[in-house]
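Trainee: quick one, structure for this:
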Amino acid sequence: MTRSREAWARFLATRVVGMAVDAAVVAAAYFAALALRLDFQPPLWGWRATALSCVTVCVVHIVSLLACGCYRLAWRRVSASDLPRYTAAAALACALLTAMRIVLPDVAFAHIRPPYSVTVILFFLATLGIVGARAVWRAYWTSRQSDSALLERDEKTFDNSIAARFLAGRTVMVTGAGGSIGSEIVRQVAAAGAAKILMVERCENALYEIDRRMRAAKPTSELVPLMVDVNDRARMDALFAAAKPSVVLHAAAYKHVPMVELNPEEGWRNNTEATRLLAELASAHGVGRFVLISTDKAVNPVSVMGKTKLAAERAIMESGGSGTSFCAVRFGNVFGSSGSVVPLFREQIAKGGPVTVTHPDMKRYFMTIQEAVSLVLQAASRTENAIYTLDMGEPVKVLDLAEGMIRQAGLRPYVDVPIVFTGPRPGEKLFEEIDVSDRSCYRTDMAKIYITRNPS
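Mentor: Numbers count the residues shown, from 1 in each chain. Coordinates of the predicted model:
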């Protein structure tokens with residue numbers, strides 16, 4: 001059975017279960033209404049007739065819910081704006097029950113038409129019960145939603161005390177400070193107690209946003225927003241000379257594989273030549289530690305982006321021996337970053353689809369931004385001239401991620417939101433090649449951080 005057919009089968013099954021739950025809720029509401037109307041005394045018409053009338057009441061309510069389109073909504077999506085729909089369904093059911101009592105006044109039909117007063121009480125109790133059941137399920141579902149659920153593992157937390165001791169009181173330069181990764185680096189460096197943070201970013205709006213958010217958080221670090229292009233040698237040289245950073249965390253880069261594939265010269269200038277320039281300036285101005293944020297796409301690269309990052313790694317490794325220690329940190333996709341597939345999926349889901357997946361078998365390594373940056377700062381606190389590789393656990397199928405995100409939005413894959421396969425784009429691999437086994441890496445004394453044996 002295909003995933004699409006499985007999705008439709010699951011949809012039908014959940015609707016049958018939903019109807020059964022609604023029937024139970026209505027039955028409970030009906031007996032409660034009878035108890036209230038009869039002062040908790042047994043009905044004069046007997047329990048058999050009462051049971052039969054309960055069946056009628058349940059059937060009428062289910063039909064009314066169907067007629068009002070209530071079963072087109074997933075329970076986890078129900079919100080206050082849907083309350084009129086459920087109220088209308090309960091009102092329709094009560095109107096039908098009232099009409100049946102008028103049309104069938106004979107006591108012989110007591111089993112299919114409850115008293116008027118019971119019908120009125122039932123309207124309120126059934127509405128409360130049906131909406132309440134959905135609200136409880138939505139609250140339960142929401143409590144279970146997290147990035148960890150999509151990554152199919154718990155989010156890792158790390159002891160950042162070593163990184164905090166390393167960064168405390170220092171002047172730290174963060175390039176690409178307004179990006180997804182760069183802004184999280186700024187936050188964690190500030191939390192570690194850096195004396196001054198030089199936030200280097202050429203995009204005005206991105207720099208404004210990180211500066212605004214950081215100042216709202218009132219860190220103890222001095223924040224210096226700098227709208228500078230890292231390719232501008234004169235400006236960057238003057239900045240190094242004036243600010244004298246002791247740590248450089250270089251996150252500025254082009255990260256979208258298709259865009260760099262179409263603009264290779266600009267990718268090389270921004271990813272490779274800018275890194276080479278910063279490494280030269282770091283050596284010339286006595287920076288203690290230089291950290292390049294790299295990527296798993298630098299391993300046996302087939303894309304222009306991967307090749308530019310591999311060349312950037314080699315550039316900093318060739319810059320050693322000046323008193324500045326250099327390292328690069330390789331990791332895979334950062335969940336939710338601007339360069340990952342997650343924002344695209346969210347946008348597509350919000351529009352009702354289709355969600356575009358490259359290939360049903362495509363897999364990627366994912367970390368949350370917090371996890372990745374925490375490990376980057378731990379690697380920064382080390383002293384080796386090395387290419388570090390982060391252990392990112394097991395790769396995640398991109399198709400599974402897409403389906404999970406659709407479900408988190410309260411929708412159903414293939415039913416509410418279609419998924420289409422577009423085929424690999426130029427420069428894309430089906431599987432990235434992060435390997436932290438002993439044949440590829442040396443272990444360090446820090447969990448999840450490995451030194452790459454023979455960077456390629």
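
Trainee: show me where the stretch 151-300 of the chain has helices.
Mentor: Using DSSP state H, counting those that start in this stretch, the helices of the stretch 151-300 of the chain run over residues 161-167, 180-191, 204-217, 233-243, 257-262, 264-267, 274-284.

Trainee: can I get those in JSON lines including mean neighbour count, distance to residue 325 and mean pLDDT?
Mentor: Every C-beta, even on glycine, is put in place using the N, C-alpha and C of the backbone. JSON lines is the format used below for these (neighbours: other Cβ atoms under 10 Å; distance: least, Cβ to Cβ, whole Å; pLDDT from 0 to 100):
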{"stretch": "helix 161-167", "mean neighbour count": "19", "distance to residue 325": "12", "mean pLDDT": "91"}
{"stretch": "helix 180-191", "mean neighbour count": "24", "distance to residue 325": "18", "mean pLDDT": "94"}
{"stretch": "helix 204-217", "mean neighbour count": "15", "distance to residue 325": "27", "mean pLDDT": "95"}
{"stretch": "helix 233-243", "mean neighbour count": "15", "distance to residue 325": "16", "mean pLDDT": "96"}
{"stretch": "helix 257-262", "mean neighbour count": "17", "distance to residue 325": "28", "mean pLDDT": "90"}
{"stretch": "helix 264-267", "mean neighbour count": "15", "distance to residue 325": "27", "mean pLDDT": "95"}
{"stretch": "helix 274-284", "mean neighbour count": "21", "distance to residue 325": "10", "mean pLDDT": "95"}
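
Trainee: which of those helices sits closest to residue 377?
Mentor: Distance to residue 377, taken as Cβ to Cβ, is lowest for helix 161-167 among those, at 4.0 Å.

Trainee: surely residue 239 and residue 226 touch.
Mentor: Yes: using Cβ atoms under 8 Å, residue 239 makes contact with residue 226 at a distance of 6.7 Å.

Trainee: need the helices of the stretch 151-300 of the chain in JSON lines (columns: distance to residue 430).
Mentor: JSON lines is the format used below for the helices of the stretch 151-300 of the chain (distance: least, Cβ to Cβ, whole Å):
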{"stretch": "helix 161-167", "distance to residue 430": "35"}
{"stretch": "helix 180-191", "distance to residue 430": "24"}
{"stretch": "helix 204-217", "distance to residue 430": "32"}
{"stretch": "helix 233-243", "distance to residue 430": "38"}
{"stretch": "helix 257-262", "distance to residue 430": "13"}
{"stretch": "helix 264-267", "distance to residue 430": "22"}
{"stretch": "helix 274-284", "distance to residue 430": "28"}
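
Trainee: which SS class is residue 140?
Mentor: Assigned with DSSP: H, G, I helix; E, B strand; the rest coil, residue 140 falls in the helix class.

Trainee: where does this protein dip in pLDDT?
Mentor: Within the chain, the set of residues satisfying pLDDT under 70 comprises 1-3, 7, 44-46, 105-113, 143-158, 320-321, 336-339, 433-440, 454-456.

Trainee: correct me if wrong: residue 28 contacts residue 130.
Mentor: No: the pair residue 28 / residue 130 is not scored as a contact, 10.9 Å apart, by Cβ under 8 Å.

Trainee: who has more neighbours, those two?
Mentor: residue 130 (23 against 14; other Cβ atoms under 10 Å).

Trainee: and what about that one, helix, strand or coil?
Mentor: helix.

Trainee: got the contact list for it?
Mentor: 22, 25-26, 65, 86, 89-90 (Cβ atoms under 8 Å, 6 or more residues apart in numbering).

Trainee: and residue 125, by the same measure?
Mentor: Shown in contact with residue 125 (Cβ under 8 Å, 6+ apart): 29-30, 32-33.

Trainee: in those, find the pair that's most separated.
Mentor: Largest separation among those by Cβ to Cβ: 30 and 32, giving 7.2 Å.

Trainee: with neighbour numbers in mind, choose between those two.
Mentor: Comparing residue 30 with residue 32 by other Cβ under 10 Å, the one with more neighbours is residue 30, at 26 against 16.

Trainee: how about residue 250: which residues does it bridge to?
Mentor: Counting by DSSP bridges, residue 250 is bridged to residue 175, residue 292.

Trainee: neighbours around it, how many?
Mentor: Other residues close to residue 250 by other Cβ under 10 Å number 26.

Trainee: then residue 350?
Mentor: Residues near residue 350, counting by other Cβ under 10 Å: 10.

Trainee: could you point out which element follows the lengthiest helix in the chain?
Mentor: The longest helix of the chain (DSSP state H) is helix 3-37. Using DSSP states H and E, the helix or strand that follows helix 3-37 in sequence is helix 47-67.

Trainee: so that following helix versus helix 3-37, what angle?
Mentor: Between helix 47-67 and helix 3-37, the angle comes out at 130 degrees (axes from the mean of the first three to the mean of the last three Cα atoms, to 10 degrees).

Trainee: alpha carbons of the very next helix or strand once past helix 47-67, in CSV - could you do that?
Mentor: Note on helix 47-67: by DSSP H and E, the next helix or strand toward the C-terminus is helix 83-103. Extracted in CSV, the C-alpha atoms of helix 83-103 (Å, rounded to 0.1, in the frame of the first residue of the first chain):
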residue,chain,number,x,y,z
LEU,A,83,-17.3,26.8,17.8
PRO,A,84,-20.3,28.2,15.7
ARG,A,85,-20.0,25.1,13.4
TYR,A,86,-20.4,22.7,16.4
THR,A,87,-23.1,24.9,18.0
ALA,A,88,-25.0,24.8,14.7
ALA,A,89,-24.7,21.0,14.6
ALA,A,90,-26.1,20.6,18.1
ALA,A,91,-28.9,23.1,17.3
LEU,A,92,-29.8,21.1,14.2
ALA,A,93,-29.9,17.9,16.1
CYS,A,94,-32.2,19.4,18.7
ALA,A,95,-34.4,20.9,16.0
LEU,A,96,-34.7,17.4,14.4
LEU,A,97,-35.6,15.8,17.8
THR,A,98,-38.2,18.5,18.5
ALA,A,99,-39.7,18.0,15.0
MET,A,100,-39.9,14.3,15.6
ARG,A,101,-41.8,14.8,18.9
ILE,A,102,-44.2,17.1,17.1
VAL,A,103,-44.7,14.7,14.2
